[in-house]
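Kindly generate the corresponding structure for this input.
(6 chains)
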Protein chains: 4
Amino acid sequence: MPDTTRAPRQDNRRIQLLDAAAALFAEHGFHAVSMRDIARNVGMLPGSMYYHFPSKNDLLLATYEEGVRQLSQRVDLALADEDEPWARLEAACKAHAEILLNESDYAQVILSVFPRDVAAISDNLKPLRDGYEDRFRILIEALPLAADVDRNSLRLMLLGALNWSKNWYNPRHGSPREIATDMLALLKRSLV
Amino acid sequence: MPDTTRAPRQDNRRIQLLDAAAALFAEHGFHAVSMRDIARNVGMLPGSMYYHFPSKNDLLLATYEEGVRQLSQRVDLALADEDEPWARLEAACKAHAEILLNESDYAQVILSVFPRDVAAISDNLKPLRDGYEDRFRILIEALPLAADVDRNSLRLMLLGALNWSKNWYNPRHGSPREIATDMLALLKRSLV
Amino acid sequence: MPDTTRAPRQDNRRIQLLDAAAALFAEHGFHAVSMRDIARNVGMLPGSMYYHFPSKNDLLLATYEEGVRQLSQRVDLALADEDEPWARLEAACKAHAEILLNESDYAQVILSVFPRDVAAISDNLKPLRDGYEDRFRILIEALPLAADVDRNSLRLMLLGALNWSKNWYNPRHGSPREIATDMLALLKRSLV
Amino acid sequence: MPDTTRAPRQDNRRIQLLDAAAALFAEHGFHAVSMRDIARNVGMLPGSMYYHFPSKNDLLLATYEEGVRQLSQRVDLALADEDEPWARLEAACKAHAEILLNESDYAQVILSVFPRDVAAISDNLKPLRDGYEDRFRILIEALPLAADVDRNSLRLMLLGALNWSKNWYNPRHGSPREIATDMLALLKRSLV
DNA sequence: TATGAATGAGTGTTCATTCAT
DNA sequence: GATGAATGAACACTCATTCAT
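Numbers count the residues shown, from 1 in each chain, chains lettered A, B, ... in the order given. The predicted structure is shown next:
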């Protein structure tokens, strides 16, 4: 019998709401999902949601923040065990692919709802995205590369290819980790 | 400045409509654009559009078809002058990047409105996309590569990275051609 | 080989249009049928109909007129051979049932589109209906009946029952003529 | 003058809505009445109706159900006091005519909006109509009639004539009860 | 915290009709 | 006689949001 009195229930409806919103935004996109859709998914009336979130945009912003938190934490955790620069980059890419393709609707939202789609809050969304991606800038900076390799292109290529993978990913043809490994292998062959 | 006196007027409103739809779908996404938005953009009443297109979905389908036509024609033209496998792939990537980032709203639509976003016609949309991408499968097949290189991963990586570039592309930091060249260079170093 | 040069073609598109309108009005009702529906049925564009009929209401009016013409002609023909009052009434009822249930969409329109449904021309429609029904008033007047029989009720009952039959008529359970005969028999038993 | 202070307010707008819909459907027919018409009649915005009824079809279905309820209840009440078969039939016919012609817009809807007019819900509508009409089948079964009288024709004639009466009924020329009495009298003379 | 009930603007779409060609 | 193209109003319906209870 779980002790429901001790543990502070601290807004668990808010979390259900956020989960439902993330799942629906990730699957159908921000504009194709209505507040009613989300409410129905958590067994709540539409009006009731406004106690928890003042607007649909705020709901998106909150999923974004949670998504960045999850991505960052997951990648940071993966980095904790690695020292060698290439190993560190590979660990980050694997974590990125896994959370994106497998684990978190929140992460999907960040990569499928673009700031420009929601003009009113695009200024709030962009820094969240960028803050996360900075990790990869640093990881690539640390790589021992030939002098003429453009590290900026490398980062954009690697992250772009990984992010786009959600458009073709099919669990039957390799795990997220394998996808990350394969891509990195292609680049690593010569760049070292 | 279009020459309205010389050009035969036949059905030019349909094309205006298609152009406006492509531009708006590319910029804001399918669901964020209303039929009224498109109508306003061409100076037409909302109801009048239905003479030219029976539904919003059909309008999207028509932009998709035109987009694929433009992409294919542009890439095929670029390939006509090249014989060497790597040169052919590079020409195709440059054409792809240019039309995507610079030249055509129609191409953008194909890469930013995903079939799954419009369930009712996703079965019509998918083959159009796939038909175009087959070109790259063939180009990569023709490359002289070390035996252990996974050509499938290579294709997915290259196209994914290029397609994602519309999310960060800024004309001040290099032309579309340069982006394509840079990315290909990163891969080519070792794979040959 | 029919001689199409001799016979004046005299507006045969107009007749096609009228036929299609009658069929559709009879089946779905006036308000549920659009001008486009009718146009499509005769392979014409909606705008083209306005050469033949200035408005949808006029089209209805024309079907009404033709319906009354057909009903009247059919009933008058049936009466031509009969002299005895009851036989005359029975002949009229049979003709009425047959044309209503079997033969003419125009007749159906008159009995399923009510003047009040189209307020703007209800004043034009009502006299058409009434003019036809007068025949039955006269036929019933001629019957040799007991003094206390209300001929007005008789007429309303008989015609009402016949008109309503289109709501339950099923060709498998008796022909229109049988329906008319059965109903008249019920009344005739005692009234003579 | 409704007592708004005493009556519990619970869901009274739904009933107002249903009343207005019944009145308008009865007068103009289903297709000729718009949701805006109904909303205007109860002083509500069109969108607000959808809180109470999910669609126009559902609104019709609800009026149908209420109409059948009212008809059935009224007829059953009238039958409660009668034992003799002819008296029972006459009581039912009087009640039927009164509620149809005088008392209830809901009953009118059932007899003027035909299931086939609203294809999408015709399967829901038909059994409601039929369920009510079964009462008359039973009443006529109980009549002591000559062996050669077709009870089926009798039922169809009687109900058809009564139902059609709404097309000519004018309160100045006799009450609904008188209409029912007169019609039954015509049939009863000989059939006994 | 949540509900019932509403709002006002907006959605995609259809309507009868017009008219230059 | 008919078409291509449009109009403007209306259609059924959905939207994000509000607020008294």
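
nearest spatial neighbour of A:Trp168, skipping sequence neighbours?
B:Leu156 (6.4 Å; CB to CB, 6 or more residues apart in numbering or on different chains). All C-beta spots, glycine's among them, are computed from the backbone N, C-alpha and C.

For that neighbour, list the residues it contacts.
A:161, A:164-165, A:168 (CB atoms under 8 Å, 6 or more residues apart in numbering or on different chains).

Which residues does stretch A:35-42 contact?
Applying CB under 8 Å, 6+ apart, the set of residues contacting stretch A:35-42 is A:13, A:16-17, A:20-21, A:23-24, A:45-46, A:48-49, A:56, A:59.

One more: stretch A:161-172?
Counting by CB under 8 Å, 6+ apart, A:93, A:96-97, A:100-101, A:108, A:111-112, A:176, A:179-180, A:183, B:114, B:156-161, B:163-164 sit against stretch A:161-172.

overlap between the contacts of stretch A:35-42 and the residues near DNA strand E?
Residues of these in contact with DNA strand E (CB under 7 Å from any atom of the strand): A:13, A:45-46, A:48.

Go through those and flag which are in strands.
The strands, defined by DSSP state E, take in nothing from those.

Now the two most distant members of those.
Largest separation among these by CB to CB: A:Arg13 and A:Pro46, giving 14.0 Å.

Close to DNA strand F: what parts of chain A are there?
So chain A meets DNA strand F at A:33-37, A:46-47, A:50, A:54-57 (CB under 7 Å from any atom of the strand).

coming back round to it: want to throw the ones next to DNA strand E among the contacts of stretch A:35-42 into JSON lines with pLDDT, distance to chain D and neighbour count?
Listed next are those as JSON lines, based on pLDDT from 0 to 100; distance: CB to the nearest CB, whole Å; neighbours: other CB atoms under 10 Å in any protein chain shown:
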{"residue": "A:Arg13", "pLDDT": "90", "distance to chain D": "23", "neighbour count": "15"}
{"residue": "A:Leu45", "pLDDT": "95", "distance to chain D": "11", "neighbour count": "9"}
{"residue": "A:Pro46", "pLDDT": "96", "distance to chain D": "11", "neighbour count": "13"}
{"residue": "A:Ser48", "pLDDT": "96", "distance to chain D": "15", "neighbour count": "13"}
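
Closest one to D:Glu65 out of those residues, please.
A:Leu45 (25.7 Å).

what's the lengthiest helix in chain A in contact with?
The longest helix of chain A (DSSP state H) is helix A:56-79. With contacts defined as CB under 8 Å, 6+ apart, helix A:56-79 is touched by A:17-18, A:21-22, A:25, A:30, A:35, A:38, A:49, A:53, A:88, A:91-92, A:94-96, A:98-100, A:103-104, A:106-110, A:113, A:118, A:120-121, A:124-125, A:128-129, A:131-132, A:135.

Which neighbouring elements make contact with the helix-or-strand element of chain A with minimal mean pLDDT?
Sorting the helices and strands of chain A by mean pLDDT, DSSP states H and E puts helix A:176-191 at the bottom, at a mean of 89. Judged by 3 or more CB pairs under 8 Å, 6 or more residues apart in numbering or on different chains; DSSP states H and E, the packing partners of helix A:176-191 are helix A:85-98, helix A:151-164, helix B:151-164, helix B:176-191.

Quickly check: the following helix or strand past the first one near chain B or not.
If you walk from helix A:85-98 toward the C-terminus, the next helix or strand you reach (DSSP states H and E) is helix A:105-112. No: using CB under 8 Å from any CB of the partner chain, helix A:105-112 stays clear of chain B, with a minimum separation of 8.6 Å.

so helix A:105-112 versus helix A:151-164, what angle?
Orientation check (axes from the mean of the first three to the mean of the last three CA atoms, to 10 degrees): helix A:105-112 against helix A:151-164 gives 120 degrees.

so for helix A:105-112, what's the average pLDDT?
Helix A:105-112 comes out with an average pLDDT of 94.

just stretch A:16-24 next, same as before
96.

Check stretch A:147-162 too.
94.

So for that stretch, what gets flagged as buried?
Going by neighbour count (16 or more other CB atoms under 10 Å in any protein chain shown), the buried part of stretch A:147-162 is A:149, A:153-162.

Among those residues, list the two that are farthest apart in space.
Longest span within those, CB to CB: A:Val149 and A:Leu162, 18.9 Å.

Just give me the neighbour total for the closest residue to DNA strand F within chain A.
Closest residue of chain A to DNA strand F, CB to the nearest atom of the strand: A:Gly47 (2.8 Å). For A:Gly47, the neighbour count with other CB atoms under 10 Å in any protein chain shown is 9.

do the one 3 residues further on as well
As a burial measure, the neighbour count of A:Tyr50 was computed by other CB under 10 Å and equals 13.

And for the one 4 residues further on?
Residue crowding around A:Pro54 was assessed by other CB under 10 Å; the count is 10.

Excluding sequence neighbours, find me the nearest residue to A:Leu101.
Of all residues not flanking A:Leu101 in the chain, A:Pro176 sits nearest, at 4.2 Å (CB to CB, 6+ apart).

Do I have it right that the one you found meets A:Leu100?
Yes: between A:Pro176 and A:Leu100 there is a contact under CB atoms under 8 Å: 7.2 Å.

what do these two both touch?
Joint contacts of A:Pro176 and A:Leu100 (CB under 8 Å, 6+ apart) do not exist.

Give me the distance between the residue of chain A found nearest DNA strand E and chain D.
Residue nearest to DNA strand E within chain A: A:Gly47 (2.8 Å; CB to the nearest atom of the strand). Counting by CB to the nearest CB, to the nearest Å, the gap from A:Gly47 to chain D is 11 Å.

where's the nearest residue to A:Glu141 once chain neighbours are set aside relative to chain D, distance?
In space, A:Glu141 comes closest to A:Arg151 once its chain neighbours are excluded; the distance is 6.6 Å by CB to CB, 6+ apart. Look at A:Arg151 and chain D: by CB to the nearest CB, they are 55 Å apart.

could you list every residue that touches A:Arg151?
Neighbour list for A:Arg151: A:140-141, A:143, A:145 [criterion: CB under 8 Å, 6+ apart].

In helices, which of the residues you listed fall?
A:140-141.

Just the buried ones among the contacts of A:Arg151, please.
Here, 16+ other CB under 10 Å leaves A:140, A:143 buried among those.

Among the contacts of A:Arg151, which ones lie close to DNA strand E?
Of the contacts of A:Arg151, not one also sits near DNA strand E (CB under 7 Å from any atom of the strand).

Tell me the confidence at the closest residue to A:Ser122 other than its chain neighbours?
Leaving aside its sequence neighbours, A:Ser122 sits nearest to A:Pro115 (CB to CB, 6+ apart; 3.9 Å). pLDDT, A:Pro115: 86.

Correct me if wrong: A:Pro115 contacts A:Arg129.
Yes: counting by CB under 8 Å, A:Pro115 does reach A:Arg129; the two are 7.1 Å apart.

Now A:Glu82: phi and psi?
Per-residue torsions, A:Glu82: phi -110, psi 140 (degrees, to the nearest 10).
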